[in-house]
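**Q** Here is my input, please return the structure:
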Amino acid sequence: VLSLVSNQQLSDPFLTQFLSVLDSPHLRELQISALGLSSSSRRPIVDFLSSPRSRALETLRCNGNNLKLRDVSSIVHAIEKRNTSLTKLEVYANSLSKPPEEEETLDEDSDASCDSCDIVDIQKNWEPRLKQALVVNEILKKRTQDDALALLCYSRILLLNSSARAHRGVADWISSESPR
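**A** As a prediction, this is how the structure comes out:
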């Protein structure tokens, strides 16, 4: 777990630099809540979640920031299309409930999933899309674990047999080399 929670002075510029170099193959949870993040953090978050550098990340807590509906929709799109490890995303207490007329217009940094969407569509669809993507990732994780466990039975047999043969070979070699 890496927690950067409640460090308002970090904000968008820090997160942009930090996520561009974060490469921790064993990081399971990243907490970036209450950092004062805005729409400027959308692209770094999306890029990180879309990269192999987030391959072990299972939980992202991004509560209490100033992310907008389009930002969260872009993050959901990244999870749907390019992330198979994330099983929990928290985006509570962001600016998701703004009326449609207050939402910013589409910019060049938006994902394709939002290009033809209006804010009303995004409001209705982002949560079901997120839930579905996280359930798919949870199913993939469970299947991978089950398959790895099944393979472990066979690999143990192979490894133990080859290890026993190696031990017998060393014992035979030692006995043939020892003076009689």
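
**Q** For the helix or strand hosting Leu30, which strands pair with it and how are they oriented?
**A** Assigned by DSSP states H and E, Leu30 falls within strand 29-31. Counting by DSSP bridges, the strands paired with strand 29-31 are strand 2-3 (parallel), strand 59-61 (parallel).

**Q** What is the neighbour count of Ala34?
**A** Close neighbours of Ala34, defined as other C-beta atoms under 10 Å, add up to 18. Bear in mind the C-beta positions are built from the backbone N, C-alpha and C, glycine included.

**Q** circling back: and the strand holding Leu30, average pLDDT?
**A** What strand 29-31 shows for mean pLDDT is 98.

**Q** what do you get for stretch 161-178?
**A** Taken as a whole, stretch 161-178 carries a mean pLDDT of 66.

**Q** Mind giving me the packing neighbours of the lengthiest helix in the chain?
**A** Criterion DSSP state H: the longest helix present in the chain is helix 119-177. Judged by 3 or more C-beta pairs under 8 Å, 6 or more residues apart in numbering; DSSP states H and E, the packing partners of helix 119-177 are helix 69-82, strand 88-90.

**Q** which of the ones you listed is buried the deepest?
**A** Mean neighbours per residue, mean count of other C-beta atoms under 10 Å, is largest over the helices and strands packed on helix 119-177 for helix 69-82, with a mean of 23.

**Q** for that helix, packing partners?
**A** Packed next to helix 69-82, using 3+ C-beta pairs under 8 Å, 6+ apart, are helix 42-50, strand 88-90, helix 112-115, helix 119-177.

**Q** Format the helices and strands packed on helix 119-177 as a markdown table; extra columns: distance to Lys142 and mean pLDDT.
**A** A markdown table is the format used below for the helices and strands packed on helix 119-177 (distance: least, C-beta to C-beta, whole Å; pLDDT from 0 to 100):
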| stretch | distance to Lys142 | mean pLDDT |
| --- | --- | --- |
| helix 69-82 | 17 | 95 |
| strand 88-90 | 15 | 97 |
